[in-house]
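Asker: Here is a sequence with its predicted model. Questions after.
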Amino acid sequence: MAVLRATPETEQKMREFYRQINSINSVSSMVAFLPTIFAIYLGVPFHYFFIVVAAQILVLAAISYYKYRVERKARKIEVTPGRYVLENTMTYAVFSITLPILLFLFILFYSLSSLQRVITINLLFVLSLLILLSNLPASRLKRISKPLDDPYLISKADELSEKLGTGKLGLFVMNLGRFRIANAGQVGARKYSVFITDYLLDNLSPEENVAVIAHEFAHAKQKHVLKTASIAWAITVICANLMVYPVDVGTYPVMALALPAAGFIILMLSLVLIIPSIQRKFEAQADLIAASVVNGMDLVNALQKISRLNFTPSEISRHWSLDHPPTRERVKKIISYTKANGQKN
């Protein structure tokens, strides 16, 4: 199978598509978020929020249909408009529905005493830690997937697990071909599973699929998912405690304002800068570990194809908030590694 190398013209189209989709997603996020904030600010009675939410969902459905047309034109997705609009709208509608409830609980939370707030929020964090260490995300994905049944890939995966010392990992295939999503991911903080979309399997060569599996196994070997989740959890716990830390406003007015502000700023910077930076570092590390156990050029070809299949530009100028480095940057590092270690193209 020929490598899907994008021409300069195609790269330009992908950049335009990428900007357009990001703009649509930004508008959807604002529609899902801002009306509730304004309604709270204007003092709209809580029982009227169902009208606000219904209006939000209708607008989100219209935006989703427009997004479908954009994706249909650029990526030739095969899913029906109704299925696409339903799934895309639900992503934001769930947030629109739960946000008023969360804000109401937030108001109740601040009606508690300072000590009660500290105890309550830390009990919630203990609960979230238990969920983090559980296998709930993988269990949910397994329900909509099927075990990988390709003998060649299963055999190669067993070899990779021995080389990397990961132990046997579950391999599952997700049916997303109609959405034309070429992707793979390692899920689970303790019990590791790898999920691969059927669209990726169908469009990559067997060797390239093995390289993708090696990349995901590398994440498991280095416990990247657990490390990322643990860092994000710890930062959130610290920042949340700063925001609710009991301070006597009359005695320490500056500290009463500075601590919550510092907690909020650190949390936002972490979500936008620190965590994505760590994730990009882990992605680069997984690339090189994978290239040490498979032919690095198979991974290079896989990344180039995935970029082309997903209609994602290989170079993104402002990628500081993304969880993956640009494809072009990853490819350069892998090629340098393979040359330094004497691998043949």
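Answerer: Arrived safely, thanks for sending.

Asker: residue boundaries of the helices in this structure?
Answerer: Using DSSP state H, the helices of the chain run over 8-42, 49-75, 81-109, 114-133, 136-143, 151-164, 198-203, 206-221, 224-244, 253-269, 275-293, 296-309, 327-340.

Asker: Low-confidence ranges, the stretch 51-200 of the chain, go.
Answerer: Regions of the stretch 51-200 of the chain meeting the criterion pLDDT under 70 are absent.

Asker: rerun that using 90 as the cut-off
Answerer: Residue ranges of the stretch 51-200 of the chain with pLDDT under 90: 51-54, 91-122, 124-125, 127-144, 167-168, 176-178, 187-192.

Asker: domains of this protein?
Answerer: 1-111, 141-206 (automatic domain parsing).

Asker: Turn the ones you listed into JSON lines, columns for distance to residue 301 and mean neighbour count.
Answerer: Heads up, the C-betas are built off the backbone N, CA and C, glycines and all. As requested, the domains of the chain are exported to JSON lines (distance: least, Cβ to Cβ, whole Å; neighbours: other Cβ atoms under 10 Å):
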{"stretch": "domain 1-111", "distance to residue 301": "5", "mean neighbour count": "15"}
{"stretch": "domain 141-206", "distance to residue 301": "8", "mean neighbour count": "17"}
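
Asker: wait, which of those is closest to residue 240?
Answerer: domain 1-111 (11.0 Å; Cβ to Cβ).

Asker: Redo the helices of the chain as TSV? Include distance to residue 317.
Answerer: Converted to TSV, the helices of the chain look like this (distance: least, Cβ to Cβ, whole Å):
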stretch	distance to residue 317
helix 8-42	9
helix 49-75	20
helix 81-109	27
helix 114-133	34
helix 136-143	32
helix 151-164	34
helix 198-203	26
helix 206-221	25
helix 224-244	25
helix 253-269	21
helix 275-293	15
helix 296-309	15
helix 327-340	11
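
Asker: Please name the residues that touch the residue nearest to residue 322 when sequence neighbours are not counted.
Answerer: Once flanking residues are discounted, residue 322 sits nearest to residue 276: 6.0 Å by Cβ to Cβ, 6 or more residues apart in numbering. Applying Cβ atoms under 8 Å, 6 or more residues apart in numbering to residue 276 gives the contacts 320, 321, 322, 323.

Asker: Please repeat the previous calculation with a cut-off of 6 Å.
Answerer: The contact partners of residue 276, taken as Cβ atoms under 6 Å, 6 or more residues apart in numbering, are 321, 322, 323.

Asker: Let me know how buried the residue lying closest to residue 235 once chain neighbours are set aside is, in neighbour terms.
Answerer: With sequence-adjacent residues excluded and distances taken as Cβ to Cβ, 6+ apart, residue 235 is closest to residue 270, at 4.7 Å. Residues lying near residue 270 (other Cβ atoms under 10 Å) number 20.

Asker: how close does residue 270 get to residue 228?
Answerer: Taking Cβ to Cβ, to the nearest Å as the measure, residue 270 falls 12 Å from residue 228.

Asker: Pull up the distance across stretch 309-320, start to finish.
Answerer: 23 Å (Cα to Cα, to the nearest Å).

Asker: Next one: the residue nearest to residue 322, what pLDDT does it get?
Answerer: Note on residue 276: pLDDT of 94.

Asker: Kindly report the same for residue 235.
Answerer: 95.

Asker: Then residue 250?
Answerer: What the model reports for residue 250 is a pLDDT of 63.

Asker: Residue 218 and residue 285 touch, don't they?
Answerer: No - at 7.3 Å, residue 218 and residue 285 do not qualify as touching, with contact defined as Cβ atoms under 6 Å.

Asker: Pick out whichever of those two has more residues nearby.
Answerer: residue 218 (25 against 15).

Asker: Next one: the more buried one from residue 196, what distance?
Answerer: Using Cβ to Cβ, which is the criterion applied here, residue 218 is 15 Å from residue 196.

Asker: so what's residue 117 up against?
Answerer: For residue 117, the contacting residues are residue 244, by Cβ under 6 Å, 6+ apart.

Asker: my bad, residue 244
Answerer: 117, 118, 121.

Asker: what's the closest non-adjacent residue to it?
Answerer: residue 117 (4.5 Å).

Asker: ok, that neighbour to residue 240 distance?
Answerer: Taken as Cβ to Cβ, the span from residue 117 to residue 240 is 10 Å.

Asker: What is the burial count for residue 288?
Answerer: By other Cβ under 10 Å, neighbour count at residue 288 equals 19.

Asker: typo on my end, it should be residue 322
Answerer: There are 14 residues near residue 322, going by other Cβ under 10 Å.

Asker: Kindly provide the distance from it to residue 74.
Answerer: 20 Å.

Asker: just to revisit the earlier point, could you dump the contacts of residue 244 to a markdown table with distance to residue 340?
Answerer: Shown next, in a markdown table, are the contacts of residue 244 (distance: Cβ to Cβ, whole Å):
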| residue | distance to residue 340 |
| --- | --- |
| 117 | 54 |
| 118 | 52 |
| 121 | 49 |
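
Asker: Just the C-alpha atoms of stretch 284-304, please, in CSV.
Answerer: Output in CSV follows, covering the C-alpha atoms of stretch 284-304 (Å, rounded to 0.1, in the frame of the first residue of the first chain):
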residue,chain,number,x,y,z
ALA,A,284,7.6,11.4,21.7
GLN,A,285,9.0,9.0,24.2
ALA,A,286,6.6,6.3,23.1
ASP,A,287,7.6,6.9,19.5
LEU,A,288,11.2,6.2,20.2
ILE,A,289,10.5,3.1,22.3
ALA,A,290,8.3,1.7,19.5
ALA,A,291,11.1,2.5,17.0
SER,A,292,13.5,0.4,19.1
VAL,A,293,11.4,-2.8,18.7
VAL,A,294,10.0,-2.3,15.2
ASN,A,295,11.2,-0.8,12.0
GLY,A,296,11.1,3.0,12.6
MET,A,297,10.1,3.7,9.1
ASP,A,298,7.0,1.6,9.5
LEU,A,299,6.0,3.9,12.3
VAL,A,300,6.9,7.0,10.2
ASN,A,301,4.6,5.7,7.4
ALA,A,302,1.9,4.9,9.9
LEU,A,303,2.0,8.5,11.3
GLN,A,304,1.9,10.0,7.8
